[in-house]
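>>> Sequence plus the predicted model coming up.
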Amino acid sequence: MVRPLEERFRTVRDLLPEHRVERTAGRIVVNESGTWQHNRIMSRLLFQIVGTVAARGWEIWPNITVYLGEHADQYVPDLAVVPCSPRMEEDHAVHGDSTVLLVDVVSTSSTYDDYFVKPRGYAPAGVPLYLLIDPFQDAVRLFSEPAGPEYGRQTVAGAGERLLLPAPWGFALDTGELLD
């Protein structure tokens, strides 16, 4: 008997707690920890956003599943910014519409999922902002204004350009610092 995907997903997640385990487009995806380049980008992003996060009483969660609906995919972004006391589905899963910002850094194995699959999962779940940092394209893409099955707006900034994070953020990221 073949076990349902949800049961297999939970088993893999429990067996590999040090990995990021996602259910993506009907697949179980296991992501290892990031490279030094990936971690450098995340560190530089944190330096830019931490003041705003602290001032607003938000929290930065580097390893949390995003709950998108009962039978929807389950993604684990590289970083989630959430308000104090966000709405949780389980201890390990925050509701997508209860986040302030989700961030992924593109890797060679995640390009398709990061650009095409995840935005189509995040938008219907009400994730307000999805930031995609792509070191291979030297660009940063912000998906915003979730409207039904897709985001109503995508803003792209090349390395060295400033990228405005809209309300409730109200400041611009220095992409040159992220992608040097």
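Yep, that arrived. Residues are numbered from 1 along each chain as shown.
>>> Heading C-terminal from the longest helix seen in the chain, find the next helix or strand.
In the chain, taking DSSP state H as the definition, the longest helix is helix 36-56. Per DSSP states H and E, the first helix or strand lying C-terminal to helix 36-56 is strand 59-61.
>>> now that next one, how far from the centre of its chain.
12 Å (C-alpha atoms, centre = their mean, to the nearest Å).
>>> in its sheet, what does it sit against?
strand 79-82 (antiparallel) (DSSP bridges).
>>> Using PDB, write out every CA atom in the strand it pairs with.
Coordinates of the C-alpha atoms in strand 79-82 are reproduced here as PDB (Å, rounded to 0.1, in the frame of the first residue of the first chain):
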ATOM      1  CA  LEU A  79      13.800  33.400   6.000                       C
ATOM      2  CA  ALA A  80      10.400  34.400   7.300                       C
ATOM      3  CA  VAL A  81       9.500  37.700   9.000                       C
ATOM      4  CA  VAL A  82       6.400  37.500  11.100                       C
END
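>>> Please shift the residue numbers so they start at 707 in all later answers.
Yep, numbering from 707; the last one is strand 785-788 now.
>>> ok, and for that strand, which residues are buried?
Neighbour counts over strand 785-788 (16 or more other C-beta atoms under 10 Å) mark Leu785, Ala786, Val787, Val788 as buried. In this view, the C-beta of every residue, glycine as well, is placed from N, C-alpha and C.
>>> hey, where'd the strands end up in this protein?
Counting by DSSP state E, the chain has strands at residues 726-730, 733-737, 765-767, 771-773, 780-781, 785-788, 794-796, 799-801, 807-811, 835-840, 845-853, 856-864, 868-871, 877-880.
>>> Tabulate the ones you listed (TSV), appending distance to Arg826.
Shown next, in TSV, are those (distance: least, C-beta to C-beta, whole Å):
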stretch	distance to Arg826
strand 726-730	11
strand 733-737	15
strand 765-767	23
strand 771-773	13
strand 780-781	11
strand 785-788	18
strand 794-796	20
strand 799-801	18
strand 807-811	14
strand 835-840	11
strand 845-853	10
strand 856-864	6
strand 868-871	21
strand 877-880	24
